[in-house]
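In: here you go, sequence then predicted model.
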Amino acid sequence: MNDILIQNTTAFFEKSFGSAPQKIVLSPGRINIIGEHIDYNDGYVLPAAIDKVICFAFEKNETKKSKIIAIDLNEEFEIDLTQEIQLSDVVWTNYIRGVIKQLQDNGFSFEGFNCVFSSNIPVGSGLSSSAALECGTIFGIKELFDLTIEKVDIALLGQKAEHWVGINCGIMDQFSSVHGLDNKVIKLDCNTLEFEYHNADFKDYSLVLFDSNVKHSLFTSEYNTRRIECEEGLSIIKNHFPEVKSFRDCTEEQLLSIQDKFNATVFKRVHYVVKEISRVTKACEALDNGNIEILGQLLFETHYGLSQEYEVSCEELDMLVDTAKSDDKIIGSRLMGGGFGGCTINLIKKGHENEVKSKFSNLYLDTFGIELKFYDVKISNGTTLL
Ligand code: ADP
Ligand code: MG
């Protein structure tokens, strides 16, 4: 699948600049198995890079300017590296302006380059095409100009670039795009950035994403509200249990013992967070033991927590997960990403993928008049040179 993307990107580069690229970089999107809305709550998450990528072709151009072409949009822009970098009205260019700015502000020195890129990561569906764009651009510049940048710093620079663009994201997306490994999930401590790999062997089950094709506008305001609610909840917990520094230190028993100190909404939010952090650890054990049924069960629990306690689901996602729950070919399903739309992640019994897809497709179209899309994903390597 990526071979065609690589060929097309290389050919486009040659046609545009009249020479073969000096470096080709693949930068993947990511999934998150479990640990949702946890990266900004200082807990553990369990993401992995996938086999959907942005392919970049680069060369130095011996000037102080860079020219970048987005093949998929049929758009290009030029940037003068000697001038102060500003946000533009053309949003996609800001991710690239942002990483160039972060590299410069952090003392990395490089000169002009030409770049074309093209992608097979669905945009805006929660697979983090934006992180792939940031990390792939940084990686390409690093390779072209022999810069020494640790993987973790590529992720951190990418995250800062996204903040500069105006999205207050956690570190998970960039971290997993850069650190992904074939058939491994990453248990990442979002507080310390310590991480460990676990085998991602789903045995008799395939990972399939269902793209609801909806994006409700509530997302941004509710996201910001959740962050405030969780901060408020954590400070109440800390007042009663001074030894608790972050949610990960708090047990469900401790939380239940002070339930009357919270308003009902904040209690639901923090209860979800504490439970979800413990589910990530259980999910790793389930993977280590090859117990995919337990993993699937945990995914359903996460979804119902996100839907009923954290309240970031929507009727389309709830319908997909409820239907999955009563389908004996699916052992786990949940909304993946921030919520209010985007994808669900599903574990489907191998050999039954097509029948499940056609059932869901018909049902979804009948119920909402919207086409459901499917992405088969394999867990793959992080940002890399071809
Ligand atoms: P996602 O969940 O895919 O990360 P975001 O809204 O965070 O969604 O980022 C998507 C944005 O990233 C796009 O609107 C665009 O600006 C940029 N982007 C992603 N992929 C491409 C691409 N192939 N070509 C140009 N811009 C892209
Ligand atoms: Mg994004």
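Out: Done, it's in. Ligands and ions are numbered 1, 2, ... in the order given.
In: where does Leu188 land in three-state SS?
Out: strand (DSSP: H, G, I helix; E, B strand; the rest coil).
In: next, count neighbours for it.
Out: Per other CB atoms under 10 Å, the neighbour tally for Leu188 reads 27. All C-beta spots, glycine's among them, are computed from the backbone N, C-alpha and C.
In: let me see the contact set for the residue lying closest to it once chain neighbours are set aside.
Out: Distances taken as CB to CB, 6 or more residues apart in numbering put Phe195 closest to Leu188, at 4.5 Å, once the chain neighbours are dropped. Counting by CB atoms under 8 Å, 6 or more residues apart in numbering, Phe195 touches 175, 179, 186-189.
In: out of those, who has the most neighbours?
Out: Busiest of those [other CB under 10 Å] is Phe175, holding 30 neighbours.
In: got any ranges where this protein has weak pLDDT?
Out: Nowhere does the chain drop to pLDDT under 70.
In: which parts of the helix or strand where Lys357 lies are buried?
Out: If you go by DSSP states H and E, Lys357 is part of helix 353-368. By neighbour count with 16 or more other CB atoms under 10 Å, helix 353-368 contains the buried residues 353, 356-357, 360, 364.
In: buried stuff in stretch 202-219?
Out: 202, 205-213, 219.
In: strands along the stretch 201-350 of the chain, start to end?
Out: Using DSSP state E, counting those that start in this stretch, the strands found in the stretch 201-350 of the chain span residues 205-215, 330-336, 341-349.
In: ok, the buried residues of helix 353-368 vs Leu147, which is closest?
Out: Distances from Leu147 to the buried residues of helix 353-368, taken as CB to CB, are shortest for Glu353 (42.6 Å).
In: correct me, but that closest one touches Phe210?
Out: No: if you go by CB atoms under 8 Å, Glu353 and Phe210 don't touch, sitting 11.4 Å apart.
In: I'd like the next helix or strand past the lengthiest strand in the chain.
Out: Longest strand in the chain by number of residues (criterion: DSSP state E): strand 47-60. Downstream of strand 47-60, the next assigned helix or strand under DSSP H and E is strand 65-70.
In: quick one: strands adjacent to that next one?
Out: Using DSSP bridges, the strands paired with strand 65-70 are strand 75-80 (antiparallel), strand 113-119 (parallel).
In: now tabulate these in a markdown table and tack on mean neighbour count.
Out: Shown next, in a markdown table, are the strands paired with strand 65-70 (neighbours: other CB atoms under 10 Å):
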| stretch | mean neighbour count |
| --- | --- |
| strand 75-80 | 14 |
| strand 113-119 | 24 |
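In: export those strands to CSV and tack on distance to Val165?
Out: Shown next, in CSV, are these (distance: least, CB to CB, whole Å):
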stretch, distance to Val165
strand 75-80, 15
strand 113-119, 17
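In: ligand 1 is nearest to which of the strands of the stretch 201-350 of the chain?
Out: Nearest to ligand 1 among the strands of the stretch 201-350 of the chain is strand 341-349 (7.4 Å), distances taken as CB to the nearest ligand atom.
In: quick one, what contacts the residue nearest to Leu46 when sequence neighbours are not counted?
Out: Excluding the flanking residues, the one nearest Leu46 by CB to CB, 6+ apart is Ile33, at 4.3 Å. Residues in contact with Ile33, defined by CB under 8 Å, 6+ apart, are 46-48, 185, 200, 283, 295, 299, 345.
In: now, which of these lie close to ligand 2?
Out: The subset of the contacts of Ile33 lying close to ligand 2, counting by CB under 5 Å from the ion, is empty.
In: any chance of those in JSON lines, plus neighbour count and distance to Leu317?
Out: Converted to JSON lines, these look like this (neighbours: other CB atoms under 10 Å; distance: CB to CB, whole Å):
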{"residue": "Leu46", "neighbour count": "26", "distance to Leu317": "19"}
{"residue": "Pro47", "neighbour count": "27", "distance to Leu317": "19"}
{"residue": "Ala48", "neighbour count": "27", "distance to Leu317": "21"}
{"residue": "Val185", "neighbour count": "26", "distance to Leu317": "22"}
{"residue": "Ala200", "neighbour count": "19", "distance to Leu317": "23"}
{"residue": "Ala283", "neighbour count": "26", "distance to Leu317": "20"}
{"residue": "Leu295", "neighbour count": "26", "distance to Leu317": "19"}
{"residue": "Leu299", "neighbour count": "26", "distance to Leu317": "13"}
{"residue": "Ile345", "neighbour count": "26", "distance to Leu317": "11"}
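In: nearest to Cys314 among these?
Out: Closest to Cys314, out of all of these and judged by CB to CB, is Ile345, at 15.9 Å.
In: enumerate the residues of this protein near ligand 2.
Out: So the chain meets ligand 2 at 128, 130 (CB under 5 Å from the ion).
In: can you rerun that using 8 Å?
Out: Contact residues, the chain versus ligand 2 (CB under 8 Å from the ion): 124, 126, 128-131, 162, 167, 169, 173.
In: many thanks, have a good one.
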